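S.K.: got a structure for you, letters missing:
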């Protein structure tokens, strides 16, 4: 079975990204485009467990609170690893929408971004299977950070001890 | 000056380890060229025409003697014994080896230095007025605010992959020496009617191929909101800035496309979520930041009358007039060390000069040195009674060229001699101009003229805001130079207008001379070049040059 990094560990995972926005998949455990979800919500839910991915130009504002509670999880797609919009989307889901479920990074990103992704609220990372064990280390490149973010809402200046 | 605590030290040392690992994986072929590119750029490492270039951060242009000695050591050990001061107050090495950069970072970390975010599409090193804390016309010291911004922006998890680079400058004086109107964000410290500190926030300024003067989106932001407001601005930019065309990706394009009011409305909408939250700056944190920038132990001195000394020694008088600025503390002065000696690339400094300046900073000051966006160094706390002794030492070090603020104090990028982006060389242009106009009395008679040279439209040499701007362009594979007039920096910042068709390299000194002759003929008594230009416009200069 394919594997991903989830909650800091390498685990089995049978979810697949379904990039066709026109056609329904034939089985569940698929991560579908937002447009397909918006048009075929009931048909998709009839299949079973469904997740949605946000393309890099699709803000979380396009997902309703009901969407968030119905979907198995939300994924954020990186079309190119240099496209950093998804970092803001993950924070918005956690900090403004109070979304508690899984946020998965999919698409073209690299292990050297995992530390930042984790700080922004991502909880799982679909990287190529052969990179996963080594990539775990990148989640912990730093043990301290200056900013307020999802994993540590208090900025360092509110925690600093002389 | 800010001093690291255990948190800062840990972050910097983990950074060295992280970058060492990334470099090793790259050299072992485990990271592709394309993937390594942003990783090395966010560490200030470019791959240039002849060798890599490493840009070392000098946060808001503040250095100490120990750091200068370390830089001297690094340039000898890992480079060719000299370095370059950039227009963002940073230090650049021209010849480091890619595989030795992690070792260089380790040496830098020992003196609380690094090269974090000196390049790449992230929030860059924050810059400030080089006279912060000592300028006579200061409203408030910019450095504590810069340090607060430095920490917030260092490894900001959300903003490491922005549409494009992002530059913030802070100015705390009446005269703007930080170019706040031409930054992605400019922060101008102001005082309200009750004497309370506030920030005027300017967004969407910039140079480059589309030069724009920024728009004010907040007239008086209370200090505790500084970070939440900055975060809201960058968050809006990260989501809405263009990513389809790198030449349209800067925030200035977004602000212009949306309109400043609509952009401000978006920022306020985003700000509403985070305002008054964890990013709110407590008074204790502001006080902590300010505690690092207290006034040094000045002696109680009277102002010195140096006229007699100046009368005896015309060279000293020239230096005193041009390279020394007023200090807020009675009996003290600010001395600018010119890195514009003719024959040396503007902004270049040798290892020996680094060490000598480190010694002078300790002997004559409090061990502190500033780097300037004009590519000079500054000794900020010199007793007026010691200026003559300091000057004598600077003369022997070739750091006393009495041309600060004159046309020969040229701002100049490394250009085609080093940079792989450049269309044309810029250093030989600077040298040719300095050689042509080497008569000091002539230069002084010209008064304040800023001449800036960029080797390409990325505008590292700030040619748009030079009174005379020179831009290297590529014309069918040949290096040509476009001349513009009327740009200026400061709070009346304006962008130069192109004079006309471009020129070959060897024509430039003649062109500059014609422009100057036109000015000398047309000027009113005491009128600066820029004021004459604004009065008579471009046409008379154009006629003269192309006649």
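M.R.: Cool, the structure landed. Keep in mind the model is a prediction, meaning the values are calculated, not measured.

S.K.: For chain A, what lies in contact range of chain B?
M.R.: A:56, A:59, A:81-85, A:87-89, A:91, A:95-96, A:110, A:112-113, A:115-117, A:119-120, A:141-149, A:153-158, A:160, A:162 (Cβ under 8 Å from any Cβ of the partner chain). For every residue, glycine as well, the C-beta is placed using N, CA and C.

S.K.: mind checking the longest helix of the chain?
M.R.: The chain I'm using is chain A. helix A:34-47 (DSSP state H).

S.K.: if you could check chain B rather than the one you did, that'd help
M.R.: Max-length helix for chain B by DSSP H is helix B:6-27.

S.K.: Tell me the helices and strands packed up against that helix.
M.R.: Judged by 3 or more Cβ pairs under 8 Å, 6 or more residues apart in numbering or on different chains; DSSP states H and E, helix B:6-27 is in contact with helix B:33-41, helix B:101-110.

S.K.: which stretch among those helices comes nearest chain A?
M.R.: Evaluated with Cβ to the nearest Cβ, the helices and strands packed on helix B:6-27 place helix B:33-41 nearest to chain A, the distance being 5.2 Å.

S.K.: list the buried ones in that closest one?
M.R.: Within helix B:33-41, the residues scored as buried using 16 or more other Cβ atoms under 10 Å in any protein chain shown are B:35-41.

S.K.: Could you tell me the model confidence score at the residue in the stretch 101-250 of chain B that chain A sits nearest to?
M.R.: Proximity of the stretch 101-250 of chain B to chain A (Cβ to the nearest Cβ) peaks at residue B:161, 2.7 Å away. If you check residue B:161, the pLDDT there is 98.

S.K.: for residue A:162, same thing?
M.R.: Looking at residue A:162, its pLDDT reads 62.

S.K.: Also residue B:460?
M.R.: Here, the pLDDT recorded for residue B:460 equals 87.

S.K.: Got phi/psi on it?
M.R.: phi -60, psi -30 (degrees, to the nearest 10).

S.K.: So which residues of chain A form strands?
M.R.: Secondary structure of chain A, counting by DSSP state E: strands at A:3-6, A:9-12, A:16-17, A:30-33, A:50-54, A:74-78, A:103-107, A:124-125.

S.K.: Contacts only, for the closest residue to chain B within chain A.
M.R.: Closest residue of chain A to chain B, Cβ to the nearest Cβ: residue A:84 (2.7 Å). Applying Cβ atoms under 8 Å, 6 or more residues apart in numbering or on different chains to residue A:84 gives the contacts B:121, B:158-162, B:238.

S.K.: Excluding chain neighbours, what is closest to residue A:53?
M.R.: residue A:75 (3.8 Å; Cβ to Cβ, 6 or more residues apart in numbering or on different chains).

S.K.: Is the one you found in contact with residue A:50, as I believe?
M.R.: No. Applying Cβ atoms under 8 Å, one finds residue A:75 not in contact with residue A:50, separated by 11.1 Å.

S.K.: Can you tell me the number of residues neighbouring residue B:478?
M.R.: By other Cβ atoms under 10 Å in any protein chain shown, the residues close to residue B:478 number 12.

S.K.: returning to that earlier point: kindly reformat the strands of chain A as a markdown table containing mean pLDDT and mean neighbour count.
M.R.: A markdown table is the format used below for those (pLDDT from 0 to 100; neighbours: other Cβ atoms under 10 Å in any protein chain shown):
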| stretch | mean pLDDT | mean neighbour count |
| --- | --- | --- |
| strand A:3-6 | 97 | 20 |
| strand A:9-12 | 97 | 12 |
| strand A:16-17 | 96 | 16 |
| strand A:30-33 | 98 | 23 |
| strand A:50-54 | 98 | 25 |
| strand A:74-78 | 98 | 24 |
| strand A:103-107 | 98 | 24 |
| strand A:124-125 | 98 | 22 |
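
S.K.: do you know how far the residue nearest the centre of chain A is from residue A:153?
M.R.: With distances taken as Cα atoms, centre = their mean, the residue of chain A nearest its centroid is residue A:104 (2.3 Å). Counting by Cβ to Cβ, to the nearest Å, the gap from residue A:104 to residue A:153 is 22 Å.

S.K.: Quickly find the element holding residue B:1.
M.R.: Remark: residue B:1 resides in no helix or strand, with elements defined by DSSP states H and E.

S.K.: Relative to the whole chain's centre, how far out is stretch B:363-382?
M.R.: Distance, stretch centre to chain centre, for stretch B:363-382: 14 Å (Cα atoms, centre = their mean, to the nearest Å).

S.K.: in that stretch, what counts as buried?
M.R.: Across stretch B:363-382, burial judged by 16+ other Cβ under 10 Å covers B:364-382.

S.K.: Stretch A:104-123 too?
M.R.: Buried residues in stretch A:104-123, defined by neighbour count with 16+ other Cβ under 10 Å: A:104-107, A:109-123.

S.K.: excluding its backbone neighbours, what's nearest residue 151?
M.R.: This is for chain A. Using Cβ to Cβ, 6+ apart and skipping the chain neighbours, the partner closest in space to residue A:151 is residue A:119 (5.1 Å).

S.K.: my bad, chain B
M.R.: Closest residue to residue B:151 apart from its sequence neighbours, by Cβ to Cβ, 6+ apart: residue A:146 at 4.4 Å.

S.K.: Tell me how far residue A:71 lies from residue A:49.
M.R.: Plainly put, residue A:71 is 9 Å away from residue A:49 if you go by Cβ to Cβ.
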